[in-house]
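A.B. asks: Here's my sequence, what's the structure:
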Amino acid sequence: MSLDQNLYTLNFSQREDDRNAIDLTDSNGVVQYTKRRLPGNEYKIEVYDPLSEGLLATVTAPSATSKHKTLQLYNPDLVVELKYTGTISFKWGFKWEDHDYEWRREECFILRKPDPAVLIAVTKEPPGRLQTRTVQLLDYNLNRFDIADRKGLEIVVLTALMTFQDANESYHTPREGSTPAATPTPTPAAVPPAVPPRPEPRQGVERIAEMHAIRTAHGDGEANEIEVWEECSIDDYAQYAERLLNDEAMLFITIRSSSAAQVPKVLRVVEETKRLRHKSGVAEEEELHQYVIYDTEQSTPRKGPKRINLDDPEGKKSKEKDKYTPPASLTVHLSKIDMPELRPKSTLASSRRPSETGPGAKAPAPAPELSEKERRQMEKERQKAEKEAKKNKKSKGKESTPPPPPPGAPAANKLTKPTAPTSSSYLASSYHTPAFQTHPYQPSPSPSQLNNPMIYSAPPPPPRARPVSMAFPMPDAHSGRPQSFYGSGPGAYNAYPEPMHGETPLGAGYQPGYVSSPQNAAPPSSSSSGKGPVSALLEMWSKH
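C.D. replies: Okay, the predicted model is just below:
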């Protein structure tokens, strides 16, 4: 690719006095960077600033042809990984800040997937060989991106390019001082050294700690999780769990089963752990909370069309389904602090209802699970009871219907109000209990009668007959005649006539304004002349 002379260009020139040193000079002949390769079994180069002789970067790798090299920058210190990313073609990639860069033979690009890559550097090499002579940085493309450290990126791009030249020389050019391979002289075979004995495998608590460290390093578990396997004993797991709980940084630990066969072992490990804490006296000073979580295997329904099962549900298959199945996995949390999120749902529901969780309240007993046969029998009994209730209702309705009227009775009129029946059933139904008395079918007072003392006393006596107001004055005590409003006397108003011979005075035994009881009332007696009291009074007024 042709280069632009107006852009920043550097030329590679090897020193004559030192074959391991290369200078990078600009178009004016000023040395900008110096690269020096250090001798040794491992591949290592250093890049200096020629003016200050300050170390700018180093590259290390097992050999010059390695596909992974580490690039170290100084002032500031930063590590960049240079990796071979191609399969057949030549591709080396590295990352700088937020962008990915890739060297492809003679060109370096910024990768912007899914957008096309942007060219930032280009080299000029002799035909057929990977030997760089000139490199040019395209500033106009670098200015399109937000790059904080442009100088650091320039050093990384140039240093990576110089490592490619060293790898090419290792492939094609033998190093100085190397002699052609000579045929080795046969030497007598020496006795091979004895193989050292294999170290004994760890056992007990140390083996559990090793397994736990391997799981944590692989990311399969946390530092406070213990997975119970078949390999070690229950005491070993309990001692390791107690060791974790004694650590002040551990607020809780988790003991889980690796398979369904290890579920009983987990329970025994938990009990042994609590026994060890109680034996050491830690359990009295620090309370330990236990939370259990288990999962049971649930058979997933098979996908496909719905099929009707005509088999007898009371066979052996149904009995096997009703049997208890142990949990498939078990997880026990032993915590030094209270963890409400791990409490059972029933405990949370009961804590929300303080009225139902009194000191004397008892937890409701769980409903027993009924088999299919018992459910069918209960359903038959319920249907039978409903049929009997319907029959009783129909029979009562027939008895309550009134008999048809006789043939000679008049037809019933819809506008007339039917008369109330006088049967005993109607009297019983129309019976009304006063508010101060207790209903005979009510064993205890109703809530409205709790503060009513009248229900505990006898009913009051019937009220007396009220007096009838009349305009007649009370009779005189001496004469037995009623007093007049305007005075007494034969000529006064409202005066009674003188009694006839042999007659009882009209006022004797008579109290106007009061009505005597019907039992004591005397039968009305008429005068000998057959005149009543009103006629006698009118006759008396006519005489005067």
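
A.B. asks: I'd like the average pLDDT over the host helix or strand of residue 392.
C.D. replies: Assigning secondary structure by DSSP states H and E places residue 392 in helix 372-400. On average, the pLDDT along helix 372-400 is 80.

A.B. asks: And for stretch 344-351?
C.D. replies: Over the span of stretch 344-351, the pLDDT mean works out to 55.

A.B. asks: Next: stretch 251-267.
C.D. replies: Mean predicted confidence for stretch 251-267 is 89.

A.B. asks: for stretch 218-233, same thing?
C.D. replies: 86.

A.B. asks: what do you get for stretch 113-127?
C.D. replies: 85.

A.B. asks: Contacts for the host helix or strand of residue 122, please.
C.D. replies: Element membership for residue 122, per DSSP H and E: strand 115-124. Defining contact as C-beta atoms under 8 Å, 6 or more residues apart in numbering, one finds that strand 115-124 is touched by 1, 3, 101-102, 106-112, 132-138, 141-142, 144-145, 157, 161. For glycine as for every other residue, the C-beta is placed from the backbone atoms N, C-alpha and C.

A.B. asks: Sort out which of the residues you listed are in helices and list them.
C.D. replies: 141, 142, 157, 161 (DSSP state H).

A.B. asks: Now, of these, which are buried?
C.D. replies: 142, 157, 161 (16 or more other C-beta atoms under 10 Å).

A.B. asks: got the contact list for the second one?
C.D. replies: Read that as residue 157. Taking C-beta under 8 Å, 6+ apart as the test, what residue 157 contacts is 101, 108, 120, 121, 137.

A.B. asks: Emit the ChimeraX select command for whichever of the residues you listed are buried.
C.D. replies: Of those, the buried ones can be selected in ChimeraX as follows, counting by 16+ other C-beta under 10 Å:
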select :101,108,120,121,137
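
A.B. asks: With distance to residue 218 as extra columns, can I get the contacts of residue 157 in a markdown table?
C.D. replies: Output for the contacts of residue 157, formatted as a markdown table (distance: C-beta to C-beta, whole Å):
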| residue | distance to residue 218 |
| --- | --- |
| 101 | 32 |
| 108 | 38 |
| 120 | 40 |
| 121 | 41 |
| 137 | 44 |
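
A.B. asks: Please save the CA atoms from stretch 535-544 in PDB.
C.D. replies: Taking Å, rounded to 0.1, in the frame of the first residue of the first chain, the C-alpha atoms of stretch 535-544 are listed here in PDB:
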ATOM      1  CA  SER A 535    -137.000  11.700  81.800                       C
ATOM      2  CA  ALA A 536    -137.300  12.500  85.500                       C
ATOM      3  CA  LEU A 537    -134.700  15.200  85.200                       C
ATOM      4  CA  LEU A 538    -136.500  16.800  82.200                       C
ATOM      5  CA  GLU A 539    -139.800  16.600  84.100                       C
ATOM      6  CA  MET A 540    -138.200  18.400  87.100                       C
ATOM      7  CA  TRP A 541    -136.900  21.200  84.900                       C
ATOM      8  CA  SER A 542    -140.300  21.600  83.300                       C
ATOM      9  CA  LYS A 543    -141.900  22.100  86.700                       C
ATOM     10  CA  HIS A 544    -139.600  24.900  87.500                       C
END
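
A.B. asks: List the buried residues in that stretch.
C.D. replies: Burial within stretch 535-544, assessed by neighbour count using 16+ other C-beta under 10 Å, is assigned to 536, 537.

A.B. asks: Now do the domain split for this protein, please.
C.D. replies: Domains of the chain are assigned by automatic domain parsing as 8-172, 205-296+326-343.

A.B. asks: Redo these as JSON lines? Include distance to residue 383.
C.D. replies: Converted to JSON lines, the domains of the chain look like this (distance: least, C-beta to C-beta, whole Å):
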{"stretch": "domain 8-172", "distance to residue 383": "70"}
{"stretch": "domain 205-296+326-343", "distance to residue 383": "35"}
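
A.B. asks: out of those domains, nearest to residue 390?
C.D. replies: domain 205-296+326-343 (44.2 Å; C-beta to C-beta).

A.B. asks: Straight-line length of that closest one, end to end?
C.D. replies: Terminal residues of domain 205-296+326-343 are spaced 31 Å apart (C-alpha to C-alpha, to the nearest Å).

A.B. asks: what's around residue 20, how many residues?
C.D. replies: By other C-beta atoms under 10 Å, the residues close to residue 20 number 14.

A.B. asks: quick one, what contacts it?
C.D. replies: Per C-beta under 8 Å, 6+ apart, neighbours of residue 20: 36, 37, 38, 39.

A.B. asks: Just give the nearest non-adjacent residue to residue 243, would you?
C.D. replies: Take residue 243 and drop its neighbours on the chain: the residue closest to it by C-beta to C-beta, 6 or more residues apart in numbering is residue 205, 7.4 Å away.

A.B. asks: List the contacts of the one you found.
C.D. replies: Residues near residue 205 by C-beta under 8 Å, 6+ apart: 236, 239, 240, 243.

A.B. asks: quick revisit: in CSV: the buried ones among the ones in helices among the contacts of strand 115-124, plus pLDDT and distance to residue 392.
C.D. replies: Below are these laid out as CSV (pLDDT from 0 to 100; distance: C-beta to C-beta, whole Å):
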residue, pLDDT, distance to residue 392
142, 90, 100
157, 91, 102
161, 89, 106
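
A.B. asks: Could you single out the nearest of those to residue 168?
C.D. replies: Nearest to residue 168 out of these is residue 161 (C-beta to C-beta; 11.1 Å).

A.B. asks: Show me where the stretch 301-450 of the chain dips below the pLDDT cut-off.
C.D. replies: The model of the stretch 301-450 of the chain has pLDDT under 70 over residues 301-304, 312-324, 346-370, 397-450.

A.B. asks: repeat that for 90
C.D. replies: 301-330, 333, 336-450 (pLDDT under 90).

A.B. asks: What are the buried residues along the helix holding residue 392?
C.D. replies: Within helix 372-400, no residue is scored as buried using 16+ other C-beta under 10 Å.

A.B. asks: Just the pLDDT for the residue nearest to residue 243.
C.D. replies: pLDDT at residue 205 comes out at 85.

A.B. asks: again, but for the one 3 residues further on
C.D. replies: Residue 208 is assigned a predicted lDDT (pLDDT) of 87.
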